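In: sequence and predicted model, in that order:
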Amino acid sequence: MKNTNIKKLLALAGFIFASSLLQNVAVAQQKNDPKFNKMIQDSFKADGIAGLDRIDQDATQKFCSDPQFANSKQGEAMRVKIQKINMDAIKQPSDGKYLGDWKRGESIAQSGRGATWTDKADTVIGGGCYNCHQIDPKEISYGNIGPSLTGYAKLRGYTQEVVTYTWNRINNSKAYNACSNMPRFGHFKLLNEKQMQDVMALLLDPESPVNK
């Protein structure tokens, strides 16, 4: 056998070994590390309404906390399963109505209050949508982690498919992207059903400033 062929075989073997090693490391990273868990526990304390239960990760959060595994071949199969789990957990509006009042929805979208250790348990939680999205075209200060929502329904239409998709996204964005940065508002009960209906109206009501 020629030396060039031997070199090619050795290189291929090395590549296979390295790939296998990386996969094993990725799998290993999915296992709990007692020292890491203790460090996390010791770094936080319960205060007000913010309890230590907030540092307990569910399967989706654990998956996305390990990008090496999440982006591996094994991780891709797991990603599909996680997105399906989140999609199956979404509940459609109990009264069958998707749109509420866009004016209330605007107030919710512009509110960042609630769910922090300084808030009372009965503090109404806001959506804080402005942190990541442009909403009203007149706004001059907004986040850009997420896409602009200006002209949301004008651009996408008002079909039932768009309505359902929007509801699902607000309710649990992980159903479409396992590692989405968007909070799971319905899943974690950050917003109640009526609040989500109002935010839906902000995005989908033709009279909303979003669609003017």
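Out: Perfect, I can see it now. Residues are numbered from 1 along each chain as shown.
In: going by C-alpha atoms from here, please, whenever you check contacts or count neighbours.
Out: Will do.
In: let me see the ranges of the helices in the chain.
Out: 3-29, 34-43, 59-64, 67-70, 73-89, 102-109, 152-156, 160-171, 193-204 (DSSP state H).
In: I'd like to know which elements the last one is packed against.
Out: It stands for helix 193-204. Judged by 3 or more Cα pairs under 8 Å, 6 or more residues apart in numbering; DSSP states H and E, helix 193-204 is in contact with helix 102-109, helix 152-156, helix 160-171.
In: now, of these, which is deepest in the fold?
Out: helix 102-109 (a mean of 21; mean count of other Cα atoms under 10 Å).
In: per-domain residue ranges of the protein.
Out: Domains of the chain are assigned by automatic domain parsing as 3-71, 102-211.
In: K84 is nearest to which of those domains?
Out: When the domains of the chain are compared by Cα to Cα, domain 102-211 sits nearest K84, at 6.3 Å.
In: first-to-last residue distance for that closest one?
Out: 11 Å (Cα to Cα, to the nearest Å).
In: helix or strand with the lowest mean pLDDT in the protein?
Out: Ranked by mean pLDDT, DSSP states H and E, the weakest helix or strand in the chain is helix 3-29, scoring a mean of 44.
In: tell me the contacts of P34?
Out: If you count contacts by Cα atoms under 8 Å, 6 or more residues apart in numbering, P34 has none.
In: just the pLDDT for it.
Out: On the pLDDT scale, P34 is placed at 84.
In: do the one 3 residues further on as well
Out: Confidence at N37, expressed as pLDDT, is 80.
In: L155 too?
Out: As predicted, L155 sits at a pLDDT of 96.
In: kindly report the same for D47.
Out: 94.
In: among the domains of the chain, where is the model least confident on average?
Out: When I compare the domains of the chain, domain 3-71 is least confident, with a mean of 71.
In: for stretch 44-63, which positions count as buried?
Out: 60, 63 (16 or more other Cα atoms under 10 Å).
In: using CSV, list the CA coordinates for that stretch.
Out: What follows is stretch 44-63, C-alpha atoms only, in CSV (Å, rounded to 0.1, in the frame of the first residue of the first chain):
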residue,chain,number,x,y,z
PHE,A,44,-28.3,31.9,45.3
LYS,A,45,-30.7,32.4,48.2
ALA,A,46,-34.5,32.6,48.4
ASP,A,47,-35.7,36.2,48.8
GLY,A,48,-39.3,37.3,48.6
ILE,A,49,-41.3,35.6,45.9
ALA,A,50,-38.0,34.3,44.3
GLY,A,51,-37.4,30.9,45.6
LEU,A,52,-34.6,28.5,45.0
ASP,A,53,-36.9,26.4,42.8
ARG,A,54,-36.1,28.9,40.0
ILE,A,55,-32.6,27.4,39.6
ASP,A,56,-34.0,23.9,39.0
GLN,A,57,-33.9,23.3,35.3
ASP,A,58,-36.4,21.3,33.3
ALA,A,59,-35.4,19.1,30.4
THR,A,60,-35.5,22.0,27.9
GLN,A,61,-33.3,24.3,29.9
LYS,A,62,-30.8,21.6,30.6
PHE,A,63,-30.6,20.8,26.9
